[in-house]
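Asker: sequence unknown, structure follows:
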């Protein structure tokens, strides 16, 4: 190993977990993050619940980064000249581009900010990488597929995204591939799905369920609960990304890095009930611009990378719930 890896937006949910994993795998990890998108510098200005809880979780991310002696620079990746100087100083072998507004609803409400943080930052990364032929790993999304026309999709399925978030993620993919066509830039595109896991504050489905249950609040499911998602534990995703850093077979490829077996949202709540027996669940109208989804076939990642996910929701979600319970209890005791 000993390759230098730069994580742009590396203090986010995926990024900080990935930084810890890559450091463990003996990569030389550098993080660049403004902390201004769904992070420490923005959380107090955002209209979200549980601000105190989220602030503690975000601080915990920074503590883990510091404890593992990971190089971390606070810098807005939209600033072309500043970020270019930083890229030159670090001179990475691999850039993993995570910078984005990573929430579909927020993207649809504020498309300008989403474009700015998602595509402008990517443009700056690619402009540096094209000259040195730096391997760029772009974290996309299962949302690029739009409505699943079959029970599962693979990397050859035609993408037809819905809404701002999915379309900007797909635009990012096309831009990355165009830099390969024009400049010979080596790339890897990764499509995760329905992530859950420790230290997430993005208010994903699995996270909201746990937070409500811990606080004795009811849970509301958008839809009838029979919608299927390919729920993927964060440790499976970061294992897949780590393999993309190690394997030459990842170059110029697109991968579904997911658990590879969609489950009903009602099944997720059944796992939740094992830890919160008295939780009450109700249903509401499904949110607009949320596509019908299912399984992301991950056979390509298995065959080319040796990627084998290890955490079905019965294991991964239970681990996440118990971590959250412990964190919540420690936070209450510290008051």
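Answerer: Looks like it arrived, so ask away. None of the values given here were measured: they were computed from a predicted structure.

Asker: okay, helices next: where are they in the protein?
Answerer: Using DSSP state H, the helices of the chain run over residues 13-24, 51-67, 80-90, 104-109, 111-115, 121-132, 163-183, 205-214, 234-246, 265-275, 299-305, 313-333.

Asker: with residue 228 as the reference, name the closest of those helices.
Answerer: Nearest to residue 228, of all the helices of the chain, is helix 265-275, at 7.8 Å by CB to CB. C-beta: built from backbone N, CA, C; applies to glycine.

Asker: got the contact list for that closest one?
Answerer: 205-206, 209-210, 213, 219, 221, 223, 225-229, 231, 279, 281, 313-314, 317-318, 321-322, 325 (CB atoms under 8 Å, 6 or more residues apart in numbering).

Asker: which of those are buried? Put it as a PyMOL command.
Answerer: Selection of buried members from the contacts of helix 265-275 for PyMOL, criterion 16 or more other CB atoms under 10 Å:
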select buried, resi 205+206+209+210+213+219+221+225+227+228+229+231+279+281+313+317+318+321
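
Asker: report the rounded mean pLDDT for stretch 310-318.
Answerer: Average pLDDT, stretch 310-318: 98.

Asker: could you do stretch 181-199 as well?
Answerer: Mean per-residue pLDDT for stretch 181-199: 97.

Asker: what's the answer for stretch 287-307, then?
Answerer: For stretch 287-307, mean pLDDT is 90.

Asker: next: stretch 42-54.
Answerer: For stretch 42-54, mean pLDDT rounds to 78.

Asker: grab the nearest non-local neighbour of residue 291.
Answerer: residue 147 (4.5 Å; CB to CB, 6 or more residues apart in numbering).

Asker: residue 44 versus that neighbour, what's the distance?
Answerer: With distances taken as CB to CB, to the nearest Å, residue 147 is found 37 Å from residue 44.

Asker: same deal with residue 277?
Answerer: Distance, residue 277 to residue 44, using CB to CB: 35 Å.

Asker: residue 92 too?
Answerer: 32 Å.

Asker: and the two? which has more neighbours close in?
Answerer: residue 92 (23 against 10; other CB atoms under 10 Å).

Asker: which phi and psi does that one have?
Answerer: The phi/psi pair for residue 92 (degrees, to the nearest 10) reads phi -70, psi 150.
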